[in-house]
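Asker: okay, structure incoming, though there's no sequence with it:
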C-alpha cells in the first residue's frame with residue numbers, strides 16, 4: 001500500500017491537483033506494480049509565509 005506525499009506552495013487550482021493525483025497514481029502503479037486502489041496520494045499545500053529557501057521566505061520575495 002504505497003503512500004505518496006507531495007508538498008507544494010499554495011495556489012494550484014482544483015483541476016491541477018486532480019490531474020496530479022491521477023498522474024502520480026498512474027506512475028506509482030506502473031513502476032511498483034501496485035493496484036491503483038491501494039495507492040494513497042497526499043497533497044500538502046504550504047502558505048508562502050511558511051516556506052523559505054536560502055533564508056528567505058517565499059512570501060518575502
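Answerer: That came through fine. Given the structure is predicted, the values throughout are model-derived calculations rather than measurements. Numbering: from 1, shown residues only.

Asker: can you map out the strands along this structure?
Answerer: Ranges of strands in the chain, per DSSP state E, are 3-9, 40-46, 52-53, 56-57.

Asker: list just the one of those that sits closest to residue 31.
Answerer: Comparison of the strands of the chain against residue 31 by C-beta to C-beta identifies strand 3-9 as nearest, at 11.2 Å. Just so you know, the C-beta spots here come from the backbone N, C-alpha and C atoms, and that holds for glycine as well.

Asker: and the closest one, which strands flank it?
Answerer: strand 40-46 (parallel) (DSSP bridges).

Asker: for the partner strand, buried residues please.
Answerer: Of the residues in strand 40-46, those with enough neighbours to count as buried (16 or more other C-beta atoms under 10 Å) are residue 41.

Asker: circling back to that earlier point, so can I have JSON lines of the strands of the chain showing mean pLDDT?
Answerer: Formatted as JSON lines, the strands of the chain follow (pLDDT from 0 to 100):
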{"stretch": "strand 3-9", "mean pLDDT": "97"}
{"stretch": "strand 40-46", "mean pLDDT": "98"}
{"stretch": "strand 52-53", "mean pLDDT": "94"}
{"stretch": "strand 56-57", "mean pLDDT": "96"}
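
Asker: ok, the closest residue to residue 45 other than its chain neighbours - contacts?
Answerer: Closest residue to residue 45 apart from its sequence neighbours, by C-beta to C-beta, 6 or more residues apart in numbering: residue 10 at 4.5 Å. Counting by C-beta atoms under 8 Å, 6 or more residues apart in numbering, residue 10 makes contact with 45-48.

Asker: just flag the most distant two among the residues you listed.
Answerer: Top of the distance list for the contacts of residue 10 (C-beta to C-beta): 45 and 48, 10.5 Å.

Asker: mutual contacts of these two, please.
Answerer: Residues touching both residue 45 and residue 48 (C-beta under 8 Å, 6+ apart) are 9-10.

Asker: ok so, going back, how about the strands of the chain in a markdown table, adding distance to residue 19?
Answerer: Converted to a markdown table, the strands of the chain look like this (distance: least, C-beta to C-beta, whole Å):
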| stretch | distance to residue 19 |
| --- | --- |
| strand 3-9 | 12 |
| strand 40-46 | 11 |
| strand 52-53 | 25 |
| strand 56-57 | 28 |
